[in-house]
Each structure stands twice: as structure tokens, then as C-alpha cells.
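**Q** the sequence and its predicted three-dimensional model are supplied below.
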Amino acid sequence: MKFPKVHTLEEIAQIIGTTFVGRPDFPVLGMNEIHVVEPGDIVFVDHPKYYDKALQSAATIVLINKEVECPEGKALLISDDPFRDFNKLTNYFRPFQALHASISETAQIGSGTVIQPQAVIGNHVTIGKNCIIYSNVVIYDHCVIGDNVVIHAGTIIGADAFYYKKRPEGFDQLKSGGRVVIEDDVHIGALCTIDRGVTGDTTIGAGSKLDNHIQIGHDTVVGKKCLFASQVGIAGCVVIEDEVTIWGQVGTTSGITIGKKAVIMGQTGVTKSIAGGKSYFGTPIEESREKLKQLAYLKRLPEIVEKLK
């Protein structure tokens with residue numbers, strides 16, 4: 001998430017009530033999670049295991065709970081609770097805004113686009129040309145929809161990320177200030193849910209087609225011309241490259257990559273990154289041909305046991 005204007009390190013420290021290490025006028029351009037940070041971004045870290053990863057990332061401002069040596073060309077924000085203060089920044093720069101009409105007056109809607117009754121279009125949403133948005137679709141604030149997109153009834157675009165920190169008093173949510181970006185010529189079926197990025201974008205690539213009842217987690221990037229069947233569940237921070245086919249009831253773990261033109265058969269559990277250009281099946285996931293051989297051998301076990309008696 002980029003800020004509307006450049007802020008200084010001192011200004012950011014004042015907003016969240018922390019001390020800082022670095023020049024007071026050190027420029028701060030935005031904030032993001034560690035896997036998508038860029039120079040000028042703030043990243044937060046609150047566990048020693050990940051200090052080095054955060055300090056050596058592309059982010060130039062690190063919100064951290066220990067005063068450590070600051071890498072050259074970077075700055076630190078010293079906080080007793082970086083998770084809390086990262087949420088403060090999200091609330092400050094991307095606060096909740098109540099809607100006063102089903103289609104926000106700040107939404108931008110392209111020519112030829114049809115929005116059916118009972119759809120809800122949030123604040124600062126952009127929708128391209130020649131789209132069809134069916135009844136009871138909800139598109140949350142700041143989401144971006146391309147041209148020639150079809151979204152069927154009951155689908156939710158831009159709900160919060162499923163991201164919590166466990167505390168003694170319960171679970172504390174990491175606030176979501178990111179977006180969903182749906183590129184041109186995408187079709188999305190009924191009753192799908194696509195979560196917004198925490199601070200970045202969840203992206204559905206041009207020409208992709210999604211069946212009904214699909215869940216896409218926060219910050220996931222779906223490539224171009226992908227095909228997903230019903231009841232697919234994609235976790236957060238997954239990269240799915242172009243022209244991937246995923247059949248019904250497939251689920252994935254988070255933070256993995258699915259290679260270009262991979263085909264994943266129904267009810268597979270994708271527990272690790274997989275190469276493109278191959279067909280996969282089963283839990284744990286394996287190439288389809290190998291998995292089917294194993295199942296054929298298992299069917300022969302009773303026969304083998306009988307021979308051994």
C-alpha cells in the first residue's frame with residue numbers, strides 16, 4: 001500500500017507513538033508485507049527468528065521490537081508491539097468508511113457496464129467497461145475490476161484477510177488495507193470469495209475463469225488464463241502461474257508456487273510448490289501417473305496377503 005504522499009520517518013513515528021533510528025526526514029512511501037516490499041516501504045517484524053529477513057529485505061524502514069544495528073541506507077521504528085503499530089498505520093491510512101448508498105459516489109464505473117439490483121459497490125472502487133455485476137455481489141473499497149468482467153450473484157470481492165496473532169486474551173486481527181485487482185476478461189461464478197491483500201493486492205489474471213464456490217486467500221496472485229472448478233480453496237500468499245487448471249475440491253497451503261500449465265486433479269491437497277507442465281493428484285500431492293500406480297499396487301495387497309498365508 002502506497003501512501004497518498006511521501007511522509008518522513010519522524011511523522012510516521014509520531015502517528016504510532018514510537019522512537020526511531022535514522023534521519024528524521026528519511027522518506028517513507030508506503031507499507032507492505034515482507035514478500036512484496038519495495039524500497040520506501042515499512043515492513044514489521046516481532047520475532048527474533050525473522051529479524052535478519054526483515055532487515056535484509058527490500059523494505060527501507062523496519063518496524064521492530066528491539067533496537068538492533070540499522071543496515072546502511074535504512075531506518076528503524078522501535079516499538080514494543082510492531083503488530084499493533086502496523087495496524088495503527090493501516091487504520092490511519094486506510095480507515096473504514098461507511099457506505100451511504102449501495103453504489104458509492106466515489107466509485108468509477110466504465111461505459112457499458114451493468115450493475116444488477118442489490119449489488120454493493122464500495123468506496124473508491126474502479127470497474128472497467130462492458131462488465132456485468134449480478135445481484136448481491138459485494139465489491140469492497142478500493143478494489144479494481146477490469147474490462148469485460150462477469151461476476152455472478154453472491155460473490156464477495158475484497159473481504160478481510162484471515163490473519164491473526166494469538167494473544168493471551170484471544171486472537172488479534174491484522175487489519176487489511178490492500179485491494180483485489182481483477183484483470184480484463186475474467187469470469188467469476190456465484191458465491192465465490194476473494195480476500196483483499198493485507199497491504200498489497202490479491203490479483204486474478206486476465207482471461208481466468210472461476211467456477212462457483214471458490215475461495216482465494218489474501219495476497220495470492222493468479223496468473224492469466226487459469227481455470228478453476230468448483231470448491232477450490234487457495235490459501236494466502238500463493239503464486240499460481242499462467243494457464244494452470246485446478247479441478248474441484250482442491251485445497252492448498254499458503255506461500256507456495258504452482259508452475260505454469262500445471263493441471264491439478266480433483267480433491268488434491270497441494271502441500272508444497274510444484275513445477276509447471278505436469279499433472280498432479282492426491283494428498284500428499286504427487287504426479288498423477290505415479291500416484292495412480294501406487295493406488296493400483298494398493299488394490300493388489302489383499303491378493304498378495306492371501307498368497308503369503
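**A** Arrived safely, thanks for sending.

**Q** ok, now how distant is the nearest residue to Lys166 once chain neighbours are set aside from Asp81?
**A** The shortest distance from Lys166 to any non-neighbouring residue, by Cβ to Cβ, 6 or more residues apart in numbering, is to Asp172 (7.8 Å). No exception for glycine: its C-beta is placed from N, CA and C like everyone else's. As judged by Cβ to Cβ, to the nearest Å, Asp172 and Asp81 stand 10 Å apart.

**Q** returning to that earlier point: tell me the bridge partners for the residue nearest to Lys166.
**A** Taking DSSP bridges as the rule, Asp172 bridges to Lys165.

**Q** I'd say it and Tyr163 touch.
**A** No: the criterion here is Cβ atoms under 8 Å, and Asp172 misses it with Tyr163 at 9.9 Å.

**Q** who's more crowded, those two?
**A** More neighbours surround Tyr163 than the other of Asp172 and Tyr163, with 19 against 15 (other Cβ atoms under 10 Å).

**Q** so for the more buried one, what's the pLDDT?
**A** The model reports Tyr163 with a pLDDT of 95.

**Q** got phi/psi on it?
**A** The phi/psi pair for Tyr163 (degrees, to the nearest 10) reads phi -150, psi 110.

**Q** swap in Ile15?
**A** Dihedral angles for Ile15 - degrees, to the nearest 10 - are phi -60, psi -40.

**Q** residues contacting it?
**A** 88-89, 92 (Cβ atoms under 8 Å, 6 or more residues apart in numbering).

**Q** which of those residues tops the neighbour count?
**A** Taking other Cβ under 10 Å as the neighbour criterion, Leu89 ranks highest of those with 24 neighbours.

**Q** can you tell me the element that one falls in?
**A** Using DSSP states H and E, Leu89 maps to helix 82-93.

**Q** before we move on, the earlier item: dump the contacts of Ile15 into JSON lines; add pLDDT and distance to Asp242 as well.
**A** Below are the contacts of Ile15 laid out as JSON lines (pLDDT from 0 to 100; distance: Cβ to Cβ, whole Å):
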{"residue": "Lys88", "pLDDT": "98", "distance to Asp242": "38"}
{"residue": "Leu89", "pLDDT": "98", "distance to Asp242": "34"}
{"residue": "Tyr92", "pLDDT": "97", "distance to Asp242": "37"}
